[in-house]
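# what's the 3D shape of this:
(one chain, ligands or ions: 1)
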Amino acid sequence: MRRIVDGPPIGFVIDVVNGWASAVRHDAPGPDGPAYPDRSNLGERWGVTVPTLDDLTITDWANLAYDVFAATAEGRLAAANRILTSLDLRPVLASHGLRWRCSDDQLMGALLGASLVRYSSERDPGLAHLGTCVGVRCCDAYVDQSQGSTRRYCSTRCQNRTKTYRRRGHT
Ligand SMILES: [Zn+2]
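Predicted coordinates for the structure are as follows:
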């Protein structure tokens, strides 16, 4: 089956990356790490139909998307283009804006790709404001919306945790 997808806000990509990407989950505490996030929340939160894929398939797509955030500034567009060229994604003009036609089995990739296209075209052509956290045992993806683009942590909580850790003599 073919379907038409919208490009969800970039927050959708961040939720998928931080919920499923191997690099992010690898750093999670505990022997098995936390459970995967609830997919229905993701759909509700961003107003998209989340495909009924198994978590490992979502992880494959999340890993590709993670590479976009973790790449150097120069490599970020290339990483995003790797997602787009791996998809059979066709643009469709609609009265409410640009939409994308994709096959059912590529739905997760299409949502991620369409979201990156939307974010790039509306706000950040070079994807310069995407990044990953430098906190201790954290590499979550984020969008830097700070004045002067100085963000380095996924959250204030993570920044404080890292400061405390370093203050105790760790490096
Ligand atoms: Zn962090």
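# in the helix or strand bottoming out on mean pLDDT in the chain, what's buried?
None of the helices or strands of the chain scores lower by mean pLDDT, DSSP states H and E than helix 22-26, at a mean of 85. Within helix 22-26, the residues that count as buried by 16 or more other C-beta atoms under 10 Å are 23, 24, 25. Using the backbone N, CA and C atoms, a C-beta is placed for each residue, glycine as well.
# list just the nearest of the residues you listed to the ion.
residue 24 (9.4 Å; C-beta to the ion).
# the protein: helices as residue ranges?
In the chain, the segments counted as helices under DSSP state H are 10-20, 22-26, 39-46, 55-70, 76-85, 107-122, 156-167.
# nearest to the ion, of those?
Nearest to the ion among those is helix 156-167; the distance by C-beta to the ion comes to 3.2 Å.
# what are the buried residues along that closest one?
Quick answer for helix 156-167 (16+ other C-beta under 10 Å): 158, 159, 161, 162.
# near the ion too, which of the residues you listed?
Near the ion, judged by C-beta under 5 Å from the ion, the entries from the buried residues of helix 156-167 are residue 158.
# could you single out the nearest of the buried residues of helix 156-167 to residue 17?
Nearest to residue 17 among the buried residues of helix 156-167 is residue 158, at 15.3 Å by C-beta to C-beta.
# and that closest one, what does it touch?
By C-beta atoms under 8 Å, 6 or more residues apart in numbering, the contact set of residue 158 is 133, 135, 138, 140.
# would you confirm that the third one contacts residue 154?
To tie it back to what came earlier, the one meant is residue 138. Yes: between residue 138 and residue 154 there is a contact under C-beta atoms under 8 Å: 6.2 Å.
# helices and strands around the lengthiest strand in the chain, which ones?
Longest strand of the chain, by residue count under DSSP state E: strand 97-103. On a contact count with 3 or more C-beta pairs under 8 Å, 6 or more residues apart in numbering; DSSP states H and E, strand 97-103 meets strand 2-5, strand 90-94, helix 107-122.
# okay, those in TSV with mean neighbour count and mean pLDDT next?
Shown next, in TSV, are the helices and strands packed on strand 97-103 (neighbours: other C-beta atoms under 10 Å; pLDDT from 0 to 100):
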stretch	mean neighbour count	mean pLDDT
strand 2-5	14	87
strand 90-94	10	93
helix 107-122	22	96
